[in-house]
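1. Here is the input, now give the coordinates:
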Amino acid sequence: MDNPLTRNQDLQRIAAYMMPAFPPQRSNLGFLFGTRHGVPEFCQTTLTLWQQGMFERLLVSGGPTGALARPEAEVIGEELVRLGVPASALILETAALHTGENVVFGKRRVDEVMTLAAVRSVLVIGKICSTRRYLMTMQRHWPGLRLSVCRSIISACRPNAGTSTRNFVRACSANSRRFRAICSLDFSKRSQTARDDRA
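-> A predicted model of the protein is given here:
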């Protein structure tokens, strides 16, 4: 028989591994990893971070994925400008198809438009359930930075989950099959990124 307490403890341990806490800090660069899910929420959160002065420039990285013909970065960038983020603050990278390319191509794009050495700190913005993948990929392809993470983007991983890891786990514990699917998907993406890096 399934023990709800044990199941919740297991979910908490998995969440602590997948979603380590790196509280947001003011940074030279914001780095929004592209997505085709939850774009309005991502953009609204990013606008708030911009208004709070949490970053000076914003890299948005993402190419055309899934059924989306336009690059994710273009769609997100357009919405950010509509909301009030200055176009001059944005650096768009429109070719990346996975997390490894987000970082490699994104770093190259930053180097084209500003002094790369001036970037000493990065605020990562993305799905909370992908936090570890983002951080591992950043450390592999862009080492030496002070990294922090905006952990408020949850709805793209699990609708109506609130704004904390605890709320995320609470929402998922009602449907542990869904949570397992999220974990499996993120693990497979990390494995694919590692294979692409070795190719």
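
2. Which elements pack onto the helix or strand containing Leu32?
-> Taking DSSP states H and E as the definition, Leu32 sits inside strand 27-33. Applying 3 or more CB pairs under 8 Å, 6 or more residues apart in numbering; DSSP states H and E, one finds that strand 27-33 contacts helix 39-51, strand 55-61, helix 99-113, strand 121-125. All C-beta atoms are positioned from the backbone trio N, CA, C, and that covers glycine.

3. Between the ones you listed, which one is closest to Ser88.
-> strand 55-61 (8.9 Å; CB to CB).

4. could you check the distance from Ala96 over to Phe42?
-> 16 Å (CB to CB, to the nearest Å).

5. When the two are compared, which one has more neighbours?
-> Phe42 (26 against 23; other CB atoms under 10 Å).

6. And the pLDDT for the closest residue to Glu74 other than its chain neighbours?
-> Once flanking residues are discounted, Glu74 sits nearest to Thr94: 5.9 Å by CB to CB, 6 or more residues apart in numbering. The score at Thr94 is 97. That number is its pLDDT.

7. what's the answer for Ala117, then?
-> For Ala117, the predicted pLDDT is 94.

8. Provide the secondary structure category for it.
-> Following DSSP: H, G, I helix; E, B strand; the rest coil, the label given to Ala117 is helix.

9. Quick one: neighbours of it, just the number.
-> Ala117: 7 neighbours (other CB under 10 Å).

10. what's the answer for Asp111, then?
-> 12.

11. separation between it and Gly63?
-> Taken as CB to CB, the span from Asp111 to Gly63 is 18 Å.

12. what does Arg13 give?
-> On the measure of CB to CB, Arg13 and Gly63 end up 34 Å apart.

13. What is the neighbour count of Arg133?
-> Quick note: Arg133 (other CB under 10 Å) scores 21 neighbours.

14. Now the residue nearest to the spatial centre of the chain: closest residue in space that isn't a chain neighbour?
-> Residue closest to the average C-alpha location in the chain (CA atoms, centre = their mean): Gly126, at 2.0 Å. Excluding the flanking residues, the one nearest Gly126 by CB to CB, 6+ apart is Phe33, at 3.9 Å.
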